[in-house]
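> pasting the sequence and the predicted coordinates here, then a few questions.
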Amino acid sequence: MTATHFLPTRRLLALTPLLFAAALAGGCMHASHAGPPQAAGEYATERVSAQGAWRISYKSDPTPIPVHRLHAWTLHVASPDGTPVTGAAIKVDGDMPQHGHGLPTRPRVTRELGNGDYLVEGVKFQMGGWWVMDFEVTAAGRTDRVRFNLQLGK
Amino acid sequence: MRALNWIFVTAAALLAVALLAAATKPEAAWSKDELELLASLSINRLPPLPADPSNRVADDERAAELGQRLFFDTRLSSNGEVACATCHLPDKLFQDGTPLAKGVGTTDRRTMSIIGTARSPWQFWDGRKDSQWAQALGPLESAVEHGGNRTQYAHLAATHYRAEYEAVFGKLPDLGKLPANAGPVDDPKARAEWEAMAPADRDMVTGVFANLGKAIAAYERKIEPGASRFDAYVQAATTGDAAKMRATLTQDEVAGLGLFIGKGQCVQCHGGPLLTNNEFHNTGVPAARGLAADAGRLSGAKKVLQDEFNCLGRYSDAKPQQCGEINFLAGDSGNQLRQFRVPSLRNVAQRAPYMHAGQFATLKEVLEHYNRAPAAPQGHSELKPLGLNDAEIEQLQAFLGALSGPVNAQPRWLKAPGRQGAPG
């Protein structure tokens, strides 16, 4: 390797096991510090809402989720047994918890597509990293929330 | 003891083999993910110029020619001395190299370059306009920039640009009986004249005024960023041309690039081929001395939603569903306090001073600011200290110098047009 191409990132790679150990130790010491969830399951595109009222999934158009670009999601809302939920009122929010700048846009449901599907337009992420998207779904007199975690490339 | 020696010898041999392998394959210094990230920053990845449905003449060559003449015409001002090109100088990358823009007075913001602005959903540091043509109209009516007014500009079009205007936009309305100076501007006399005009006349004049902005935008769309040494390096890196890589960027510049996409986290906001996400962030930039507090995006978002020239307004040529971002803009988010637009980093080294009011004279000051991450004067800074040492700051600065390139436009767009239509 020539010096020209000796990069800090390469140096970091060599230290990876050490950093990993340090991160684990740090994690134990600062368990209350909110960072991105580690378990892969936390990034699932289908989740049960906080109080178990709905089973909710999303698909982005395009896939994978783009960065720096306005795009749409389709949200699918079902009851726990999988029956599609129609006529729901849905509030949309999102944030980058470690930055606190929120979403650059205010996405909203613009159309109910039928069969429990809802078109969410105006989604935009202005940088890569850990994001959360929150949906508050009200139907048949019940309101419940779901949070999706996203890890976006740059 | 003998066993221990063997271990050392073996380890040293392995290290030597590894170093040799690396020396003969320098292109392997970037991982696959890093190479993909570098490619995403390359100017080759610039998508085709997006359409501007709010401007029906955006891609009309005659409109661009008219727009170019307007852009350089100092008659579009209250004192006959200020044109768009006064602050957006073609030989200075369409900016002016001074902390606060100077027109007929002094503004409270740094002039932004117009290069590549056709690709941004928002214009100005606070995003108070959502198209190039709406942007062009702002300074024309500002008391400290061009200082003019709508009937003045409409009369000017009728007197000096009638044929060119009518070829693009159709017949000019009869402006004969309208005041010489009237408009919704700070000047009390011109404002009073404007308020005395019939609503239909005001609408007619505003339509002409908006068209002048659309012609200027058609010209500005021609001004695009060109390739830099960084782009040549990425090309070499992605094709594994080690000799070309070495010949294109210095060791320090390559190290700076590593920091740019790594420890420095620059790429989080300065991503994509323009090296900007064209969004707004509060990075704790200090208040400018002597100026009133600047709420940045918080005020810009409110203004663009109320702007009569926005994509949803009556002077726009777009259908509402063709207007992207403004349909989903948050107009009252506390996060927006003192957020400012992320500028493109292309040609950044040639564009001192930096930040929305030119607060930093050098790139070194900018990098030291990001490294230190001080609290914001208002709102919440998104920065966290980076822990860069002096050498790393120098490497980053060296890399930023590799982002310079020519303006990508036909030569005829990069200078004032010929005598025809010029002042005098």
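Thanks, I have the structure now. Residues are numbered from 1 along each chain as shown, chains lettered A, B, ... in the order given.
> pull up the residues of the stretch 251-400 of chain B that are close to chain A.
Residues of the stretch 251-400 of chain B found near chain A (Cβ under 8 Å from any Cβ of the partner chain) are B:251, B:254-255, B:258-259, B:261-263, B:267-269, B:271-272, B:277-282, B:324-325, B:327-330, B:333, B:335, B:339, B:380, B:382, B:392. The way it works is simple: take the backbone N, C-alpha and C, and place the C-beta from them, glycine included.
> what subset of these is buried?
Neighbour counting with 16 or more other Cβ atoms under 10 Å in any protein chain shown marks B:254-255, B:258-259, B:261-263, B:267-269, B:271-272, B:277-282, B:324-325, B:327-330, B:333, B:335, B:339, B:380, B:382, B:392 as buried within these.
> among those, which are in strands?
In this view, those that belong to strands under DSSP state E are B:F280, B:H281.
> so which of the buried ones among the residues of the stretch 251-400 of chain B next to chain A belong to helices?
When DSSP state H is applied, these are split such that B:V254, B:A255, B:G258, B:L259, B:I261, B:E392 fall in helices.
> of these, closest to B:Q123?
B:Q123 has its nearest neighbour among these in B:I261, at 27.8 Å by Cβ to Cβ.
> who's in contact with B:A295?
Contacts for B:A295 (Cβ atoms under 8 Å, 6 or more residues apart in numbering or on different chains) come out as B:D126, B:Q336, B:L337, B:R338, B:Q378.
> export those residues to JSON lines and tack on neighbour count and pLDDT?
Shown next, in JSON lines, are those (neighbours: other Cβ atoms under 10 Å in any protein chain shown; pLDDT from 0 to 100):
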{"residue": "B:D126", "neighbour count": "26", "pLDDT": "98"}
{"residue": "B:Q336", "neighbour count": "25", "pLDDT": "93"}
{"residue": "B:L337", "neighbour count": "17", "pLDDT": "95"}
{"residue": "B:R338", "neighbour count": "27", "pLDDT": "97"}
{"residue": "B:Q378", "neighbour count": "16", "pLDDT": "96"}
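> thought B:L172 was touching B:E164?
No: with the criterion set as Cβ atoms under 8 Å, B:L172 and B:E164 do not qualify as a contacting pair; they are 10.8 Å apart.
> show me the contacts for B:H88.
Counting by Cβ under 8 Å, 6+ apart, B:H88 makes contact with B:F71, B:F94, B:Q95, B:D96, B:T111, B:S113, B:I114.
> which stretches of chain A aren't confidently modelled?
Applying pLDDT under 70 to chain A flags residues A:1-33, A:154.
> confidence-wise, which helix or strand of chain B is lowest on average?
Taking all helices and strands of chain B together, the one with the lowest average confidence (mean pLDDT, DSSP states H and E) is helix B:2-24, at a mean of 52.
> next SSE downstream of that one?
Once helix B:2-24 ends, the next helix or strand along the chain (criterion: DSSP states H and E) is helix B:32-41.
> buried residues, the helix or strand that comes right after that next one. List them.
Using DSSP H and E, the next helix or strand after helix B:32-41 towards the C-terminus is helix B:61-71. Neighbour-count burial for helix B:61-71, counted by 16+ other Cβ under 10 Å, picks out B:A63, B:A64, B:E65, B:L66, B:G67, B:Q68, B:R69, B:L70, B:F71.
> quick check: closest non-adjacent residue to residue 82.
Went with chain A since none was named. When the adjacent residues along the chain are set aside, A:G82 lies closest to A:R55, with 6.9 Å between them (Cβ to Cβ, 6 or more residues apart in numbering or on different chains).
> you answered for a different chain; I wanted chain B.
Closest residue in space to B:V82, ignoring its immediate chain neighbours: B:G103 at 4.7 Å, by Cβ to Cβ, 6+ apart.
> cool, A:A34 as well?
Here the residue nearest A:A34, using Cβ to Cβ, 6+ apart, is A:P97, at 6.1 Å.
> do you know how far that neighbour is from A:N149?
Taking Cβ to Cβ, to the nearest Å as the criterion, A:P97 is separated from A:N149 by 9 Å.
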